[in-house]
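Novice: Okay, here's the prediction I keep looking at, along with the sequence it came from:
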Amino acid sequence: MSSPSAGIRSPRAPLVVGLLLLLWAMHWLPFLFPQSRLWGINHLLFAPLWARIVFGIGGLCLVLFAFSAFRDFANRWFAMVAEALFSEKPLARWLIVSLISVALFWFLRPSLFWLGDSYSVPVNIGNDIPTVFKWSEMGAIFIAHAVAQLFPQRGAEVGRLAYAVISVVSGGVTVFLLFTLARALTEDARQRLLVWCVLVFGGWLLLFFGYTENYPILWPFIIAYIYSSVLYLEKRAPLLIPAILLLLAVVIHLQALFIAPSLLVLLFARGRLAKFYHNNRTLVWAAIVVVFGAGIYNIVRLYTHSLEFMLAVIPLFKGRPPAADYSLFSLPHIFDCLNQLLLLSPLLILFVVASGKWKRPIFHSKADQFLGLSAIGGLIFLCTIDPKLGMGRDWDLFALAGFFPLIWLSLRAVPRIASGLYPAIAVTAVILVFPFLTSQLAEQSSLSRFEYLLNLDMSRARTGMHMLKEFYAENGQPKKADSLDSILRQSFPEYTLVPLAYSYLESGDFSNAHRLADSVFRVNPYSNEVLVLRGNILVQSRQFQRAISDFEMAASLGQYDARILTSLGSAYGHTRQTQKAFDCFKQALSLNSEHWEAYEGMAIIYFEVGKYDSSLVCIRKYIAEDGRKPESLMLAGYCAYNLGKNSLARGYFERYLSVAPNSSYRERVENTLATIQ
């Protein structure tokens, strides 16, 4: 890839070193404002004392780069390393570095990642069949489950182990692929080493220390996609390779879609489409404008008609409950976007400044267009997708969004910077990511920062507070658990009102149950929990059509929640919408084959349509695994009775009468039992 800035004067050494020192000094600023919204640079507040000392020494070392003698000394060593890593046939050296990285990632990994899902998700992956809670990451979930099946353990232990293996291996592959990418994108060994250092030592590096989440596995596919795309643009690879890699990335995690526009550059770069574009430029751009307009129209239509889409993006001017002050143009969101970029790409400011005034078009080559479109897509993704838990806790979701602007700007800026400054920039890349890594790899530091983030976004912290309460309760710290329980009761009305409403429902007090559900709904109308509660109350009150509306809304907010689909299927069943009920139960079981309530619902539907053999299979499965309802025994008895299996029917009827002596169906069952005796 040729330099986009050849012939443009390089920034002076004092300016670059001064900017590097400023970036270093920014990390001390939060000590003056410890409770401020500076979560992108406040890691020293939580890092261990030794890490602060090392970071301070690193800053003093940066001062030495202001002196030409030290820069010359460092540059000689930098050039030697660059030549060793990027000389001819360097694959063996790259492999060694990657294996060393794998060892470091594995042995330095902590037992829990509070920014990840170490405490809540591993149990699900350790199950025989995992439950899909987020449909956008279904591919990653099933890969993690497949890895978990390779180990003899079950439960949370094997879940953490599976995620750790995926994370560490993904990290080693990513480190190796970044070598290939740096070599493909630059022409000088020292530039290649600098670009490699900058791309490796970003905030995303934490993803590879055994991180418990569904994002690390995406990185090798994305880096391979970029590399193969560059090769295609240089006529050294077929288009099929990047196309397949992008498709696999999207299957693993839907967030990879933000990179998809870059595929257009590849499609029109070579071959027949390139010739067509050259001969019909006006027509192609007219089509692009039409498609873009149609896309905007569809986005507006989805925003006004699709509740799920509306809740996936940040509202423009006014936030939604429970975070009414969080919108696209609100100060908290703007600050969060800046914090995110500082966390993920600490050197981004340097490269923006060093890029200077471009004398050529912004996209000066096909490769530049490819990377630029990916960077724009990443920034749009970062700014518009709603972080459900608060952006500081959802940093991993946006890690790739910060990667593309960095790679694009660094490739523009690096050729403009004097090569003697490369060692200073590489060292700064390592120093600036150090506080973030150390504050998260040390368990107590990670826990302290997690508590800070919860307090920073209290309106969206219920899930984290509850998880933290369970952690303290299980680890012998009841006072802290009780304190968090008190905060939950005071800050989140649904925390106490929803269980109270269910207690009213169980006692038959539908009026009070409905009153409480409506009061919580007014506070947070987009809560699945509240919608399901109100739907259950309406079912018990035999207001089935209104219940269906609530369940449908809940299902649209959580499409892949088997529990919601089962409740919706039951409501459909009450209104004789048999096919819809059947579809809901079937989808619920496809997501979680151990969701036994869905088997019970299927059994009822099969019974009503006269398929007694299928009904018997389903209800017996329910009884064997989770047969808490006496009515399931009665249903099994009537299935067997209608199939002429009198002995089996008698056994189920007798069991039913023994566990439900006061049932209103007792006389009916006794009369049926008399006919087969």
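Specialist: Perfect, I can see it now. Residues are numbered from 1 along each chain as shown.
Novice: Chain neighbours aside, what residue packs nearest to Ala399?
Specialist: Computed as C-beta to C-beta, 6 or more residues apart in numbering, the closest residue to Ala399 that is not its neighbour in sequence is Trp204, at 4.2 Å. Any C-beta I mention is one placed from the backbone N, CA and C, and that applies to glycine too.
Novice: where does the stretch 351-500 of the chain have low pLDDT?
Specialist: Where the stretch 351-500 of the chain drops to pLDDT under 70, the residues are 356-364.
Novice: hmm, I was thinking of the stretch 501-650 of the chain
Specialist: Using pLDDT under 70, the stretch 501-650 of the chain drops low at 558-560, 627.
Novice: Give me the phi and psi angles of Val121.
Specialist: The phi and psi values for Val121, taken as degrees, to the nearest 10, are phi -90, psi -30.
Novice: quick one: the helices in the stretch 551-677 of the chain?
Specialist: For the stretch 551-677 of the chain, the helices defined by DSSP state H, counting those that start in this stretch occupy 562-574, 578-591, 596-608, 612-626, 630-642, 646-659, 666-675.
Novice: Now mean neighbour count and distance to Trp196 too, for those, in CSV please.
Specialist: Output for the helices of the stretch 551-677 of the chain, formatted as CSV (neighbours: other C-beta atoms under 10 Å; distance: least, C-beta to C-beta, whole Å):
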stretch, mean neighbour count, distance to Trp196
helix 562-574, 24, 44
helix 578-591, 19, 41
helix 596-608, 23, 50
helix 612-626, 19, 53
helix 630-642, 22, 62
helix 646-659, 17, 68
helix 666-675, 13, 75
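Novice: Could I get the contacting residues of Ile548?
Specialist: 535, 568, 571-572, 575 (C-beta atoms under 8 Å, 6 or more residues apart in numbering).
Novice: Name the nearest of these relative to Lys89.
Specialist: Lowest distance from Lys89 to those (C-beta to C-beta) belongs to Leu568, with 60.6 Å.
Novice: I'd guessed the closest one sits against Ser549; true?
Specialist: No. The pair Leu568 / Ser549 is not scored as a contact, 10.2 Å apart, by C-beta atoms under 8 Å.
Novice: For the protein, give the helix that spans the most residues.
Specialist: Longest helix in the chain, counting residues (DSSP state H): helix 156-185.
Novice: Which neighbouring elements make contact with that helix?
Specialist: The helices and strands touching helix 156-185, judged by 3 or more C-beta pairs under 8 Å, 6 or more residues apart in numbering; DSSP states H and E, are helix 68-86, helix 91-107, helix 122-125, helix 138-148, helix 189-200, helix 218-233.
Novice: Could I get those in CSV, plus columns for mean neighbour count?
Specialist: As requested, the helices and strands packed on helix 156-185 are exported to CSV (neighbours: other C-beta atoms under 10 Å):
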stretch, mean neighbour count
helix 68-86, 15
helix 91-107, 15
helix 122-125, 22
helix 138-148, 20
helix 189-200, 24
helix 218-233, 23
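Novice: For Tyr277, find the nearest of those.
Specialist: helix 218-233 (14.7 Å).
Novice: what's the angle between that closest one and helix 138-148?
Specialist: 120 degrees (axes from the mean of the first three to the mean of the last three C-alpha atoms, to 10 degrees).
Novice: after helix 218-233, next one along is what?
Specialist: Counting by DSSP states H and E, the next helix or strand C-terminal to helix 218-233 is helix 240-252.
Novice: pLDDT of that following helix, averaged?
Specialist: Computed over helix 240-252, the mean pLDDT rounds to 93.
Novice: Could you give me the buried positions within that helix?
Specialist: Across helix 240-252, burial judged by 16 or more other C-beta atoms under 10 Å covers 241-243, 245-246, 249-250, 252.
Novice: which pair in these spans the largest distance?
Specialist: Going by C-beta to C-beta, the pair spanning the buried residues of helix 240-252 furthest: Ile241 and Ile252, at 16.7 Å.
Novice: show me the contacts for Leu266.
Specialist: Leu266 sits in contact with 229, 232-233, 239, 242-243, 370, where contact means C-beta under 8 Å, 6+ apart.
Novice: which stretch of helix or strand covers it?
Specialist: helix 262-267.
Novice: what's the following helix or strand past that helix packed up against?
Specialist: Next helix or strand after helix 262-267 toward the C-terminus (DSSP H and E): helix 271-279. Using 3+ C-beta pairs under 8 Å, 6+ apart as the contact test, no helix or strand touches helix 271-279.
Novice: Excluding sequence neighbours, find me the nearest residue to Ser448.
Specialist: Phe46 (4.8 Å).
Novice: gap between that neighbour and Gln440?
Specialist: Shown here: Phe46 relative to Gln440, a distance of 9 Å by C-beta to C-beta, to the nearest Å.
Novice: Now the common contact residues for these two.
Specialist: Common contacts of Phe46 and Gln440 (C-beta under 8 Å, 6+ apart): 446, 449.
Novice: For the closest residue to Asn592 other than its chain neighbours, list the residues it contacts.
Specialist: Spatial nearest neighbour of Asn592, excluding adjacent residues (C-beta to C-beta, 6+ apart): Ala562 at 4.2 Å. Applying C-beta under 8 Å, 6+ apart to Ala562 gives the contacts 131, 587-589, 591-592, 595, 598.
Novice: Figure out the length between the terminal residues of stretch 207-221.
Specialist: For stretch 207-221, the separation between the terminal residues is 15 Å (C-alpha to C-alpha, to the nearest Å).
Novice: And for stretch 470-479?
Specialist: Taking C-alpha to C-alpha as the criterion, the two ends of stretch 470-479 lie 12 Å apart.
Novice: in it, what counts as buried?
Specialist: Neighbour-count burial for stretch 470-479 [16+ other C-beta under 10 Å]: 471-472.
Novice: Just give me the residue closest to the centre of the chain.
Specialist: When C-alpha atoms, centre = their mean is applied to the chain, the residue found nearest the centroid is Leu397 (4.5 Å).
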